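>>> pasting a predicted model and its sequence here:
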Amino acid sequence: MTAPDRTGWGSSPAPEHYRRTSIAEQATAILASLGNPNEVGGSLSILGEGLGAVVALEIALSRPDGVAAVAMIDPPILGLLTGATEGVSADGELVRESVESGGPEAAYELFLSGALETLGAGAARLGDLADRGPLAPRSFLVELPAVPDWSLDPARFRDLEARVLLISVGDSPRLLREAADSLVGRIPTAERLELEATGIEATGEAFSLLVSP
């Protein structure tokens, strides 16, 4: 089992020019750290939470012969929710104001506080687990537009063969549950699951479901 850090998080450095990213770029970076999944006979099982869940799905879409299963916990794909548009706009303005008044650090703290009810749905759950490294505030701002910019073209999902688990956990916010409900109809191989556990326990349970036959 491998648990890579995305660019700019944990022990993974970010280049000086790292100012913008995409879900596809994040997927490519993860693949580079794992090697070519096609070389392992399509046996990769990938679990991701939040933005990492969207990256996991992008890996399966870009390497259809290399990924067997994907578990997505609370993917923040709000583009399918018409009611979320106003919240995204309002939160974006709050982030802009925070950056102007206190820099990336202030915007990141705003996110972790749970004050961004749409773009930061569920962020307050991170608590002491939140990355407080020196690169985290900038990485947060770089990644913020990545999911809204990600393509939801149904044609991309049509030929997906990997098993996909769309998972909500005990403390998943209503908004993220609705996002998962909306996404499941677009992915032919998707299963919608609700887990009562939270935190690390929920992640462990999701992983067990992912690797079970």
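Done, it's in.
>>> CA atoms for contacts and neighbours, from now on please.
OK.
>>> which residues in this protein form helices?
Taking DSSP state H to define them, one finds helices in the chain at 23-34, 51-62, 85-113, 136-143, 146-149, 154-157, 174-184, 199-211.
>>> got a list of what the residue at minimal distance from the centre of the chain touches?
For the chain, the residue nearest the mean C-alpha position is L51 (1.6 Å; Cα atoms, centre = their mean). With contacts defined as Cα atoms under 8 Å, 6 or more residues apart in numbering, L51 is in contact with P75, P76, V147.
>>> for the helices of the chain, give me TSV that also has mean pLDDT.
Shown next, in TSV, are those (pLDDT from 0 to 100):
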stretch	mean pLDDT
helix 23-34	90
helix 51-62	95
helix 85-113	97
helix 136-143	96
helix 146-149	94
helix 154-157	89
helix 174-184	96
helix 199-211	94
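>>> closest to G87 among the contacts of L51?
Taking Cα to Cα as the measure, G87 lies nearest P76 of the contacts of L51, at 13.1 Å.
>>> what about the closest one, how many neighbours?
The local packing count at P76 equals 26, with neighbours defined by other Cα atoms under 10 Å.
>>> pretty sure it contacts R177?
No: shown here, P76 and R177 do not form a contact pair, counting by Cα atoms under 8 Å, at 9.3 Å.
>>> now the contacts of L51 as JSON lines including distance to P137?
Formatted as JSON lines, the entries for the contacts of L51 read as follows, by distance: Cα to Cα, whole Å:
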{"residue": "P75", "distance to P137": "21"}
{"residue": "P76", "distance to P137": "19"}
{"residue": "V147", "distance to P137": "17"}
